[in-house]
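**Student:** Need the 3D shape of this:
(one chain, ligands or ions: 1)
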Amino acid sequence: MRYTGLIENYRDRLPVDDSTHLISLGEGNTPLIRLENIPATLGKDVDIYVKYEGLNPTGSFKDRGMTMAVTKAVESGSKAIICASTGNTSASAAAYAARAGIKAFVLIPEGKIALGKLAQAMIHGAIIIQIKGNFDDGMRLVKEVADHAPVSIVNSINPYRLQGQKTAAFEIIEELGDAPDYHCLPVGNAGNISAHWMGYKEYFDDGKATNKPKMVGYQAAGAAPFIKGEMIDEPETIATAIRIGHPQSWDLAHTVEKESNGWFDALTDKEILAAQKLLTEKEGIFCEPASATSLAGAMRDIKSGKIPEGSKIVCTLTGHGLKDPDTAIAQCKDAMININPVMDEVRDAILDNM
Ligand code: F0G
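**Tutor:** Numbers count the residues shown, from 1 in each chain. So this is what the prediction gives:
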């Protein structure tokens with residue numbers, strides 16, 4: 001049967017009924033790829049899977065939540081949606097608004113959006129409002145303006161977003177036959193880690209899984225309020241997607257940490273970029289910097305033994321590498337060979353590099 005998106009697929013577990021008109025781009029059903037080469041480099045016997053959310057229609061996990069949020073916004077008669085974003089939410093909101101024939105307003109931090117995401121928001125026709133401030137300023141403004149203008153907020157404070165995003169946990173349990181031992185995610189607002197935990201609990205409670213994973217949230221060291229134990233006013237990291245100092249799901253995520261016996265930790269930008277590169281070079285999988293935070297953290301905790309041998313680990317790769325071409329290219333300065341258009345020079349280039 002033709003796959004037509006996660007709402008249709010999990011209709012019974014989502015807040016829709018037969019009369020709901022679904023706004024979908026075929027999101028969800030993303031590959032769960034078993035890493036074949038990286039575990040050996042760690043010298044540990046572990047099973048690592050990556051959930052490649054970059055293969056959603058707009059290239060990030062946001063589409064899971066956006067299909068629900070926009071479907072419900074349209075159902076309630078809304079003619080416009082609004083969000084603050086570090087990039088991916090704006091790309092997703094722009095695309096689903098286009099699909100639904102409504103307007104999208106997106107507030108983005110000036111100069112801090114990866115190029116691919118900006119291109120998406122622009123080409124889908126969103127109204128882009130650049131602010132001289134960061135994501136947290138944008139979020140504050142969106143909440144304020146929603147009381148003064150006819151717009152529906154589609155940030156993850158919209159509960160329908162988390163409903164859609166919980167389906168990633170369902171897919172993982174269905175593919176593995178049970179829940180993994182550990183689930184590692186990059187954390188910004190902490191909506192996604194909270195949504196996954198909802199999904200795992202729901203399947204466990206319904207007898208579709210015999211266990212629940214420990215949820216592990218990794219942040220960028222310069223934007224790590226969960227590790228600091230308090231909000232941060234000037235977050236900074238090369239992983240712009242998670243450049244957030246005032247997480248919206250602060251309480252929810254702390255509950256997840258406690259209930260799942262998980263933890264939070266932070267990675268330097270250097271560790272994050274190294275994991276991104278390792279994944280591209282050893283496994284052929286290209287994710288954006290923020291996404292690699294999950295793998296960077298998992299690798300560190302596997303090496304230290306905090307995640308024990310014999311574990312089954314899932315790392316969510318939240319967004320596609322093409323979202324941020326500038327950061328990728330900046331990591332590969334020596335990768336090109338320039339030649340004249342003659343066979344000898346091509347041959348030499350090959351033989352010199354075998
Ligand atoms: N990874 C990527 C690629 C993201 O874009 C985000 C969030 C996260 C991880 C963190 O997820 O906020 O649920 O903890 N991006 C939002 C945006 C903030 O505006 O696109 P979270």
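**Student:** Return the residues of the chain in contact with the ligand.
**Tutor:** Neighbours of the ligand within the chain, by Cβ under 6 Å from any ligand atom: 60, 62, 85-89, 156, 186-192, 241-242, 288, 290-291, 318-319. Backbone N, C-alpha and C define where each C-beta goes, glycine included.
**Student:** Burial check on the spatially closest residue to Lys132 that is not a sequence neighbour, number of neighbours?
**Tutor:** Nearest non-adjacent residue to Lys132, counting by Cβ to Cβ, 6 or more residues apart in numbering: Glu110, 5.6 Å away. Residues near Glu110, counting by other Cβ atoms under 10 Å, number 11.
**Student:** still on that earlier bit, which ones among the residues of the chain next to the ligand lie within strands?
**Tutor:** Among the residues of the chain next to the ligand, the ones falling in strands (DSSP state E) are Pro186.
**Student:** Just confirm Ile129 is within a strand.
**Tutor:** Yes - under DSSP: H, G, I helix; E, B strand; the rest coil, Ile129 sits within a strand.
**Student:** who are the neighbours in contact with it?
**Tutor:** Phe105, Val106, Leu107, Ile108 (Cβ atoms under 8 Å, 6 or more residues apart in numbering).
**Student:** Can you tell me which of the residues you listed end up in strands?
**Tutor:** Using DSSP E, the members of the contacts of Ile129 that fall in strands are Phe105, Val106, Leu107, Ile108.
**Student:** just the residues you listed now: which is nearest Thr255?
**Tutor:** Nearest to Thr255 among these, counting by Cβ to Cβ, is Leu107 at 28.1 Å.
**Student:** count of residues packed around the residue nearest to the closest one when sequence neighbours are not counted?
**Tutor:** Among residues not flanking Leu107 along the chain, Gly138 sits closest, at 3.9 Å (Cβ to Cβ, 6+ apart). Gly138 has 23 neighbours, counted by other Cβ under 10 Å.
**Student:** hmm, back to that, counting only helices, which of the residues of the chain next to the ligand make the cut?
**Tutor:** Lys62, Asn88, Thr89, Gly191, Asn192, Ala290, Ser291 (DSSP state H).
**Student:** just to revisit the earlier point, ok, and the most crowded of the ones in strands among the contacts of Ile129?
**Tutor:** Val106 leads those on contacts (other Cβ under 10 Å) with 31 neighbours.
**Student:** per-residue confidence for the nearest residue to it once chain neighbours are set aside?
**Tutor:** Once flanking residues are discounted, Val106 sits nearest to Ser90: 3.8 Å by Cβ to Cβ, 6+ apart. We have a pLDDT of 98 for Ser90.
**Student:** do the same with the one 10 residues further on
**Tutor:** The per-residue pLDDT reported for Ala100 equals 98.
**Student:** and the residue nearest to it when sequence neighbours are not counted, which of the three is it?
**Tutor:** Of all residues not flanking Ala100 in the chain, Ile23 sits nearest, at 4.6 Å (Cβ to Cβ, 6+ apart). Under the three-state scheme (three-state DSSP), Ile23 adopts coil.
**Student:** quick one: contacts for Ile23?
**Tutor:** Thr67, Val70, Thr71, Val74, Tyr96, Arg99, Ala100.
**Student:** same question, Asp181
**Tutor:** If you count contacts by Cβ under 8 Å, 6+ apart, then Asp181 has Asn211, Pro213, Lys214, Ile307, Ser311, Lys312, Ile313 around it.
**Student:** Need the max-distance pair from the residues you listed.
**Tutor:** Maximum distance among the contacts of Asp181 (Cβ to Cβ): 15.3 Å, for Asn211 and Ile307.
**Student:** of the two, who's got more company?
**Tutor:** Ile307 (23 against 12).
**Student:** what's the distance between that one and the ligand?
**Tutor:** Distance, Ile307 to the ligand, by Cβ to the nearest ligand atom, to the nearest Å: 20 Å.
**Student:** I figured that residue hits His183, correct?
**Tutor:** No - counting by Cβ atoms under 8 Å, His183 is not a contact partner of Ile307; they are 11.1 Å apart.
**Student:** Need the overlap of contacts for these two.
**Tutor:** Shared contacts of Ile307 and His183, counting by Cβ under 8 Å, 6+ apart, come down to Val216, Ile313.
**Student:** Please, which helix or strand holds the closest residue in space to Pro213 that isn't next to it in sequence?
**Tutor:** Spatial nearest neighbour of Pro213, excluding adjacent residues (Cβ to Cβ, 6+ apart): His183 at 4.2 Å. Here His183, judged by DSSP states H and E, is contained in strand 182-186.
**Student:** Which other helices and strands does that strand contact?
**Tutor:** Applying 3 or more Cβ pairs under 8 Å, 6 or more residues apart in numbering; DSSP states H and E, one finds that strand 182-186 contacts helix 191-205, strand 214-220, helix 289-304, strand 312-317.
**Student:** can I get these in TSV with mean neighbour count and mean pLDDT?
**Tutor:** Output for the helices and strands packed on strand 182-186, formatted as TSV (neighbours: other Cβ atoms under 10 Å; pLDDT from 0 to 100):
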stretch	mean neighbour count	mean pLDDT
helix 191-205	23	98
strand 214-220	27	98
helix 289-304	26	98
strand 312-317	26	99
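**Student:** in stretch 116-124, what's buried?
**Tutor:** Across stretch 116-124, burial judged by 16 or more other Cβ atoms under 10 Å covers Gly116, Lys117, Leu118, Gln120, Ala121, His124.
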